[in-house]
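> below are the sequence and a predicted model; questions follow.
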Number of protein chains: 2
Amino acid sequence: MRRWKGVRRRKRLQHIMDRFLSSSVNRIDAKGRVSVPAPFRAVVQKRGYCELYALRGLDTPAMDVGGLDLLDRYEQRIAQEDPFQRTADDMSFFCHGDGTFLKLDQDGRIVMTDFIREHTGITQEAAFVGRGQFFQIWEPGRLAEHGAKVRERLLKLRQAATGASARPSTGGDAP
Amino acid sequence: MRRWKGVRRRKRLQHIMDRFLSSSVNRIDAKGRVSVPAPFRAVVQKRGYCELYALRGLDTPAMDVGGLDLLDRYEQRIAQEDPFQRTADDMSFFCHGDGTFLKLDQDGRIVMTDFIREHTGITQEAAFVGRGQFFQIWEPGRLAEHGAKVRERLLKLRQAATGASARPSTGGDAP
DNA sequence: TTGACGCCCATAGAACCCCATGTTATCCCA
DNA sequence: TGGGATAACATGGGGTTCTATGGGCGTCAA
């Protein structure tokens, strides 16, 4: 891929291009580079991000990636705290110390630095997961693991709700 | 690195270079020198700091490094303490008496003095941690330890806030 | 002297730019 | 409607620049 071609096509698809959706796994090459999925790049471009801000997940071995507004939001949040209390310090330590900028090269790739690998466990492949306003980068195996847990939690939640409202079936098969 | 090359490149990236962000570990050589990470040097240059001021962290085994505005920040912090208590005086002594200037050599390195080593426990490697308006220097092991504690506190904070309403989001899952 | 510190140089590896290729998805026209 | 032309994509690699890091040599002061 070269130099953001395909704008014409994307124009037509804009209505579905303003959120990060779906997921895919890409290979990391010998130089440590990996392509950001084209649909994600389209969102990035549409939102006008020239740089990406990536943050180590607080309780997951994943990177949360978004635009600079993501960082702005954190900083605004910190500004609400008493700057000399520990909480403000903790928050800054987290969003500044555990955050980094990702630069997209001309081919739409980013480099998997040690900073990212250490936290995610990524080695050869990277899974990109759309999360609406942002997206995540996972080590594929850990993503699967995490996905299973999430499903389980949701299932339990639904079962609890179903039982409470005495409704036998919202339908296991029904979408 | 020699003589602040790469200015041309940095020009293009300036818009994202106004904060100290991310973290990395560098080796200390036989002469006690260690490279300040290039992105940090770019910020230093952009902010026009001709000299760096390093203070011992008040409650961490780390050095806080920044421009003179960092000193203002410390003084505000101290001003919050009751001047009749020992604390304020101790703090003042601590940061004024124990602060030091760091000189960047032509290659962008600083010297890890005993002054720094004593407070941080640094021996062979130094971890640089961006904190937005300033950055910190840690002994890598202690940094990891401290990072774990911070994450734990933030996680608790988030869990406390979750369910209440739209959360301020210190969280990994919902920026 | 000796050791701390300034200045300079050298180099391996990382990061970045540009181009190439195989594969798949899409489009257009017969 | 089928099949070839076309576009887009993920991936690979070459070459250049930048960075971290090691070391040499003078100066200045204890």
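Sure thing, it's come through.

> you'd agree A:Ile137 is up against A:Phe115?
No: here A:Ile137 lies out of contact with A:Phe115, judged by Cβ atoms under 8 Å, at a distance of 11.9 Å. Every residue, glycine included, has its C-beta placed from N, CA and C.

> more neighbours: these two, which one.
Using other Cβ atoms under 10 Å in any protein chain shown as the criterion, A:Ile137 and A:Phe115 rank with A:Ile137 on top: 25 against 19.

> what's near enough to touch the more buried one?
By Cβ atoms under 8 Å, 6 or more residues apart in numbering or on different chains, the residues touching A:Ile137 are A:54, A:62-63, A:65, A:116, A:120, A:122, A:126-129.

> the helix or strand of chain A with the lowest mean pLDDT: what's the following helix or strand?
Using mean pLDDT, DSSP states H and E, the weakest-scoring helix or strand in chain A turns out to be helix A:7-12, at a mean of 38. Counting by DSSP states H and E, the next helix or strand C-terminal to helix A:7-12 is strand A:23-27.

> mind listing what that following strand pairs with, with the direction of each?
strand A:125-130 (antiparallel) (DSSP bridges).

> is any residue of the strand it pairs with near DNA strand C?
No: Strand A:125-130 lies out of reach of DNA strand C by Cβ under 7 Å from any atom of the strand, never closer than 14.6 Å.

> distance between that strand and the chain's centre?
The chain centre lies 8 Å from the centre of strand A:125-130; the measure is Cα atoms, centre = their mean, to the nearest Å.

> repeat that for stretch A:49-67.
The answer for stretch A:49-67 is 6 Å, by Cα atoms, centre = their mean.

> reformat the contacts of A:Ile137 as CSV; add pLDDT and distance to DNA strand D.
What follows is these, written out as CSV (pLDDT from 0 to 100; distance: Cβ to the nearest atom of the strand, whole Å):
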residue, pLDDT, distance to DNA strand D
A:Ala54, 96, 18
A:Ala62, 97, 18
A:Met63, 97, 17
A:Val65, 96, 15
A:Ile116, 96, 16
A:Thr120, 96, 16
A:Ile122, 95, 13
A:Ala126, 97, 8
A:Ala127, 97, 11
A:Phe128, 97, 9
A:Val129, 96, 14
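
> now render those as CSV, adding distance to A:Leu157.
What follows is the contacts of A:Ile137, written out as CSV (distance: Cβ to Cβ, whole Å):
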residue, distance to A:Leu157
A:Ala54, 30
A:Ala62, 22
A:Met63, 27
A:Val65, 27
A:Ile116, 32
A:Thr120, 27
A:Ile122, 30
A:Ala126, 30
A:Ala127, 25
A:Phe128, 26
A:Val129, 21
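
> for those residues, which one is nearest chain B?
Set against chain B, the nearest of those by Cβ to the nearest Cβ is A:Ala62 (7.2 Å).

> was I right to think that closest one contacts A:Thr120?
Yes: using Cβ under 8 Å, A:Ala62 is in contact with A:Thr120, at 6.0 Å.

> buried stuff in the helix or strand containing A:Val34?
Using DSSP H and E, A:Val34 maps to strand A:33-35. Judged by neighbour count (16 or more other Cβ atoms under 10 Å in any protein chain shown), strand A:33-35 contains these buried residues: A:34-35.

> with that, I have no additional questions.
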